[in-house]
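1. Sequence and predicted model, in that order:
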Amino acid sequence: MLHIFVDESGDPGFKTGSSRYFLMGFALFPTESYKKSIDYIKEDIRLRTGKAPKEIKFNKSSHEVRIQLLQRLAENNGQFGYIYVNKTKIYDYLRGHPEINYIYNQMIFYLIENLIEQEQIRDHITLYIDQRSKNKDIKKSISTYLKRQIDPILSPHRMYARFEKSHNSRGVQCADCICGSVRRMIADEDHQYFDIIKHNIIIRRELFRTNNSKI
């Protein structure tokens with residue numbers, strides 16, 4: 001069983017104030033050493049401040065914590081990937097698509113499809129997806145869509161989707177850190193965090209771009 005942790009950065013909406021970019025990323029590890037990395041960072045913060053955070057969030061962490069965690073995740077031989085979209089490139093008819101999660105579903109599918117095909121994965125997969133909504137219908141829609149699309153590619157193996165609250169999943173916290181680093185690189189042209197993990201990036205893709213090898 002291959003365990004893949006998925007998170008996002010930005011938002012998929014088009015309302016005033018929505019982010020220009022929406023990004024999804026994954027993290028997977030050969031062992032469970034990533035758990036010790038998260039625990040080490042939390043304990044280090046507790047020793048310095050007197051209180052450990054409930055979880056490690058990229059956007060809420062100091063520069064030093066981000067650097068330290070990313071270095072550890074790279075040393076854990078993590079493999080990371082991402083897909084993003086500049087939402088100004090999304091056609092109007094897709095923005096109003098009747099399926100509320102259409103763009104979200106498409107992006108996570110393309111991300112995992114690329115991973116399976118490039119790495120020639122022949123194993124069951126469990127996706128641990130950051131729980132972005134408590135709505136059971138939305139979660140069921142995402143899970144059903146992904147299984148319908150991915151199971152034929154994995155056959156005879158299967159994909160299973162689990163929705164995790166980030167504070168309960170150290171793997172999702174790792175994926176959050178990866179997504180935050182990539183978003184800084186894409187949206188702000190700030191490479192200081194991305195450069196730490198760039199050699200561990202195995203999938204990189206921009207939605208609606210034909211050649212996805214340069215970013």
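-> That came through fine. As the structure is a computational prediction, the values presented were derived from the model and not from experiment.

2. need the helix or strand of the chain with the lowest average pLDDT.
-> Among the helical and strand segments of the chain, the one scoring lowest on mean pLDDT, DSSP states H and E is helix 92-95, with a mean of 55.

3. could you point out which element follows it?
-> Next helix or strand after helix 92-95 toward the C-terminus (DSSP states H and E): helix 102-119.

4. What strands flank the helix or strand just after that following helix, and is each parallel or antiparallel?
-> Sequence order places strand 125-130 as the next helix or strand after helix 102-119, per DSSP H and E. Strand pairing for strand 125-130, using DSSP bridges, gives strand 2-9 (parallel), strand 159-164 (parallel).

5. Next up, identify which helix or strand the spatially most central residue of the chain is on.
-> For the chain, the residue sitting closest to the mean C-alpha position, by C-alpha atoms, centre = their mean, is residue 25 at 2.6 Å. If you go by DSSP H and E, residue 25 is part of strand 21-28.

6. looking at the strands paired with strand 125-130, which is buried most?
-> Highest mean neighbour count of these: strand 2-9, a mean of 23 (counted as mean count of other C-beta atoms under 10 Å). Quick note: C-beta positions are derived from backbone N, CA and C, even for glycine.

7. Can you pull out the residues in contact with that one?
-> Applying C-beta atoms under 8 Å, 6 or more residues apart in numbering, the external contacts of strand 2-9 come out as 21-29, 104, 108, 111-112, 115, 121, 123-130, 132, 166, 169, 171-172, 174-176, 178-180, 182-183.

8. ok, of those, which come out buried?
-> Among the contacts of strand 2-9, the ones that count as buried by 16 or more other C-beta atoms under 10 Å are 21-29, 104, 108, 111-112, 115, 121, 125, 127-130, 132, 166, 169, 171-172, 174-176, 178-180, 182-183.

9. Each with direction, which strands does the strand holding residue 25 pair with?
-> Paired strands of strand 21-28, with direction, are strand 2-9 (antiparallel), strand 79-86 (antiparallel) (DSSP bridges).
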